[in-house]
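K.L.:
model this:
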Amino acid sequence: MNYPNVDPLHLLISNPEQLLESLYQSSTISKLKLNSSHIEDQNKALHQILQSILILNESVKEILLTIK
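P.N.:
Numbers count the residues shown, from 1 in each chain. The predicted model follows:
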């Protein structure tokens, strides 16, 4: 897991609750960025699958029209 860069001076002057909240928010934002990247990859793959299905459907349509 990647941890955000923390200024050592910030550790000395902040209260522990604020520090933990800040670390939690940074971690959550990192996870959301990773998830959105993963979702984008899935969407691209799904788009390619749908394009392939359309091409196959057109091929089947052509075959059926030539049989008639």
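K.L.:
Roughly how far does residue 17 sit from residue 57?
P.N.:
With distances taken as Cβ to Cβ, to the nearest Å, residue 17 is found 58 Å from residue 57. Just so you know, the C-beta spots here come from the backbone N, C-alpha and C atoms, and that holds for glycine as well.
K.L.:
try residue 42
P.N.:
Using Cβ to Cβ, one gets 22 Å for the distance from residue 42 to residue 57.
K.L.:
What mean pLDDT does the helix or strand hosting residue 40 get?
P.N.:
When elements are assigned from DSSP states H and E, residue 40 belongs to helix 16-67. Helix 16-67 carries an average pLDDT of 80.
K.L.:
which helices and strands does it pack with?
P.N.:
Here helix 16-67 touches no other helix or strand, going by 3 or more Cβ pairs under 8 Å, 6 or more residues apart in numbering; DSSP states H and E.
K.L.:
at 10 Å instead, please
P.N.:
Judged by 3 or more Cβ pairs under 10 Å, 6 or more residues apart in numbering; DSSP states H and E, helix 16-67 is in contact with helix 8-13.
K.L.:
any idea of the mean pLDDT in the helix it packs on?
P.N.:
Averaged across helix 8-13, pLDDT comes to 62.
K.L.:
can you count the residues close to residue 26?
P.N.:
By other Cβ atoms under 10 Å, 15 other residues sit near residue 26.
K.L.:
Roughly how far does it sit from residue 40?
P.N.:
Distance, residue 26 to residue 40, using Cβ to Cβ: 22 Å.
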